[in-house]
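J.: Just need the structure, nothing else, for what follows:
(one chain, ligands or ions: 1)
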Amino acid sequence: MKLLGIVGSPRQKNTHYMVRKVLESTGRPYDLIELRNEKFSYCDACGGCYETFSCTKEDDMQRIYDELLQSDSIVLGSPTYFNDVTALMKSFIDRCLPFYFSGGLKGKKTGLVTVGNFKHNERDSTGNCKLCKEETESVLKCLDNLRGFSSLLGLDIIGEVYAIHSEPSVKDKELISLGKKLI
Ligand SMILES: Cc1cc2nc3c(=O)[nH]c(=O)nc-3n(C[C@H](O)[C@H](O)[C@H](O)COP(=O)(O)O)c2cc1C
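T.: Next comes the predicted model:
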């Protein structure tokens, strides 16, 4: 069984922690791709993949396509940026268009993770942290986008975990449980 993690953060921090936690909890070997270290451009809608099911761009995505095809379970992780995935993750998503046409990733197990962290200095009239609510809504929107992408590719979504406050370890239990379900 081949396990693959994709980290869409421009830094090695919370998302990296979460994706690795999921993968490590499987007790199996895994590959981790940090998109920040890969050289690939965005989809320019050349239309090449509509019929050939392959991408004409000769960049690091070609290797990533192979890794995705060879994996049985994939963990997709992105920080929440303005209620959405990062630009890095979005470029990766758009470059997966060949799989939308080929159905090449259909049925692979997938886990989704995100993390958000607005500043917590605003209280509502009852004294509760206003931004905790906004943050949760924000990360849920990001998860919604990851879910939409996964569904369009026919991936089998096994579970989702979000963290807020830059304290992803509070979600260790959920992350470990997701890892167990992916194998
Ligand atoms: C450009 C930008 C936009 C952000 N937008 C949101 C947001 O909409 N909601 C949120 O909860 N956090 C937002 N954040 C905070 C990040 O999600 C948070 O710092 C997260 O921990 C980053 O993940 P990382 O530690 O894996 O890089 C934003 C951060 C940046 C840099």
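J.: Count the residues that sit near residue 133.
T.: Other residues within reach of residue 133, judged by other CB atoms under 10 Å, total 11. All C-beta spots, glycine's among them, are computed from the backbone N, C-alpha and C.
J.: Return the residues in contact with it.
T.: With contacts defined as CB atoms under 8 Å, 6 or more residues apart in numbering, residue 133 is in contact with residue 124.
J.: element containing it, please.
T.: Following DSSP states H and E, one finds residue 133 within helix 130-152.
J.: continuing past that helix, what's the next helix or strand?
T.: Towards the C-terminus, the helix or strand next in line after helix 130-152, according to DSSP H and E, is strand 156-164.
J.: Give me the mean pLDDT for that following strand.
T.: Within the predicted structure, the mean pLDDT of strand 156-164 is 94.
J.: Can the helix holding residue 133 be said to contact the ligand?
T.: Yes. Contact between helix 130-152 and the ligand, assessed by CB under 6 Å from any ligand atom, occurs at 135, 138-139.
J.: How many residues are close by the closest residue to residue 96 other than its chain neighbours?
T.: Taking CB to CB, 6 or more residues apart in numbering, and ignoring the residues beside it in sequence, residue 96 has residue 153 as its nearest neighbour in space, at 6.5 Å. Here the neighbour count serves as a burial measure; for residue 153 (other CB under 10 Å) it reads 21.
J.: Now do residue 153, the pLDDT please.
T.: The predicted local confidence for residue 153 comes out at a pLDDT of 98.
J.: Would you mind measuring from it to the ligand?
T.: Taking CB to the nearest ligand atom, to the nearest Å as the criterion, residue 153 is separated from the ligand by 23 Å.
J.: same thing with residue 41?
T.: Shown here: residue 41 relative to the ligand, a distance of 20 Å by CB to the nearest ligand atom.
J.: May I ask you to confirm that that residue belongs to a helix?
T.: No. When classified by DSSP: H, G, I helix; E, B strand; the rest coil, residue 41 is found to be coil rather than part of a helix.
J.: Can we start the residue count at 552 from this point?
T.: That works, and once the first residue is 552, the last one we named lands at residue 592.
J.: burial measure for it, as a count.
T.: Using other CB under 10 Å, residue 592 has 11 neighbouring residues.
J.: Isn't it up against residue 607?
T.: No. Contact criterion CB atoms under 8 Å: residue 592 and residue 607 do not qualify, at 11.3 Å.
J.: now the helix holding residue 684, how far from the centre of its chain.
T.: Computed by CA atoms, centre = their mean, to the nearest Å, the chain-centroid distance of helix 681-703 equals 12 Å.
J.: list the buried ones in that helix?
T.: Using 16 or more other CB atoms under 10 Å as the burial criterion, the residues of helix 681-703 that qualify are 681-682, 686, 689-694, 696-698, 700-701.
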